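Q: Pasting a predicted model and its sequence here:
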Amino acid sequence: MKVAVVGATGMVGQVMLKVLAERDFPITELIPVASARSVGKKVAYKGKDYTIVSMEDAIAATPEIAIFSAGGATSLEYAPQFAAVGTTVIDNSSAWRMDRSKKLVVPEINATSLTKEDKIIANPNCSTIQMVLALAPLHKKYNIKRLVVSTYQSITGTGVKAVQQLENEYAGEKGEMAYPYPIHRNAIPACDVFEENGYTKEELKLIRETQKILDDRSIAVTATAVRIPVVGGHSESINVAFHNEYDLSDVRKLLSDTDGVTVQDNPDTNTYPMPIYAEGKNDVFVGRIRRDHSQENTLNMWVVSDNLRKGAATNAVQIGEYLIKNQLV
Ligand code: A2P
């Protein structure tokens, strides 16, 4: 496979290269792409240096697969140009996620809907992926009525600039700000920009993308997304109300049996998921699984995952693996 990685110098792009190498993705030619200012620079892949090329050169090379992590505007402009030359684009941005003609894919949940005709495939938002992976088996069995989610999100989701801001603040140095406020020793209850209804875009992604991936618009979702000075992954407090009665031990078993989910839940040993331990791993970790006694058929849980991995790179690479395995590219 000729594979283009668009945004190869970025936070997600770098993890993408790592995940592609770790999983031994069948690459015959790697085409790293970044903005004009990076063309000619090198990125490392499997111990070799590769020269970054321009978008135009990458399109001219007609790769079978292009994995995009270069922001929404770049995807909107260039994904169709890749698709026009026959490339299948797996796009990490929010540009195509809610487009009715595009599939929004978490492979463990809905990859079977993919066909050869899907030339632009959307990778969901990082916070959404980890939440729906844990919810999908529970929804199937107990039918989710309503979700209340609060997120505690890693700064790596904002990109290189945010990591630099935190490092500058640790060191007591002035520098470019990725956020309108200091992030060191802070919690910023605003991820992405505000919409007119008072919610942030990140919160609306959690709402709309969840309904699309679980293919159920009747699920009521409300969300509060908060940025915290953490780098290893996103954490989420999720309150789930089901239509049906559930059994707590069955919930644990369903989660333990789900591909890509690891249950870490034992109050006696202080076992629960945390971002410093999720960092660098591909799984979604679930703990603090307990009944919400304030309301019937309702469950609380705590879900943590490396947002650059399952929340972005790993999920995109898994989509690519599915396409290859099923001869869809
Ligand atoms: P560059 O490093 O040349 O700016 P992050 O979100 O971590 O900041 O990374 C964004 C990624 O998207 C980087 O690899 C960046 O390249 C790339 N990028 C930004 N704008 C464009 C563009 N117009 N064309 C191609 N790549 C882009």
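A: It's in.

Q: Next up, the contacts around the residue of the stretch 1-150 of the chain found nearest the ligand.
A: Closest approach between the stretch 1-150 of the chain and the ligand, counting by Cβ to the nearest ligand atom: Gly10, at 2.2 Å. Quick note: C-beta positions are derived from backbone N, CA and C, even for glycine. Applying Cβ atoms under 8 Å, 6 or more residues apart in numbering to Gly10 gives the contacts 34, 69-70, 159-160.

Q: Over to Val251?
A: Neighbours of Val251 in contact, by Cβ under 8 Å, 6+ apart: 138, 289, 299.

Q: again, only using 10 Å
A: Counting by Cβ atoms under 10 Å, 6 or more residues apart in numbering, Val251 makes contact with 137-138, 141-142, 240, 242, 263, 286, 289-291, 299, 301.

Q: Report the buried members of those.
A: 137-138, 142, 240, 242, 263, 286, 289, 299, 301 (16 or more other Cβ atoms under 10 Å).

Q: What about those residues, which are in helices?
A: 137-138, 142 (DSSP state H).

Q: What residues does this structure have near the ligand?
A: 6-11, 13, 33-35, 37-38, 55, 70-71, 74, 159-160 (Cβ under 6 Å from any ligand atom).

Q: Show me what Arg227 bridges to in the sheet.
A: Legend: beta-bridge partners of Arg227 under DSSP bridges are Gln153, Ile188.

Q: My guess is it contacts Ile188. True?
A: Yes: with contacts counted by Cβ atoms under 10 Å, Arg227 reaches Ile188, the gap being 4.4 Å.

Q: Which residue ranges of the protein form strands?
A: 2-6, 29-33, 42-45, 48-51, 65-68, 88-91, 120-122, 144-153, 220-227, 234-242, 261-263, 284-291, 298-305 (DSSP state E).

Q: And Arg227 and Ile188? Which one has more around it.
A: Neighbours were counted for Arg227 and for Ile188 using other Cβ atoms under 10 Å; Arg227 has more, 26 against 17.

Q: Which pLDDT value goes with that one?
A: Listed pLDDT for Arg227 reads 98.

Q: Can you give me every residue that contacts the closest residue to Asn244 other than its chain neighbours?
A: Spatial nearest neighbour of Asn244, chain neighbours left out: Tyr142 (4.6 Å); criterion: Cβ to Cβ, 6 or more residues apart in numbering. Shown in contact with Tyr142 (Cβ under 10 Å, 6+ apart): 240-247, 250-251, 254, 297, 299.

Q: now those as a markdown table including pLDDT?
A: Formatted as a markdown table, the contacts of Tyr142 follow (pLDDT from 0 to 100):
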| residue | pLDDT |
| --- | --- |
| Val240 | 98 |
| Ala241 | 98 |
| Phe242 | 98 |
| His243 | 98 |
| Asn244 | 98 |
| Glu245 | 98 |
| Tyr246 | 98 |
| Asp247 | 97 |
| Asp250 | 98 |
| Val251 | 98 |
| Leu254 | 98 |
| Asn297 | 98 |
| Leu299 | 98 |
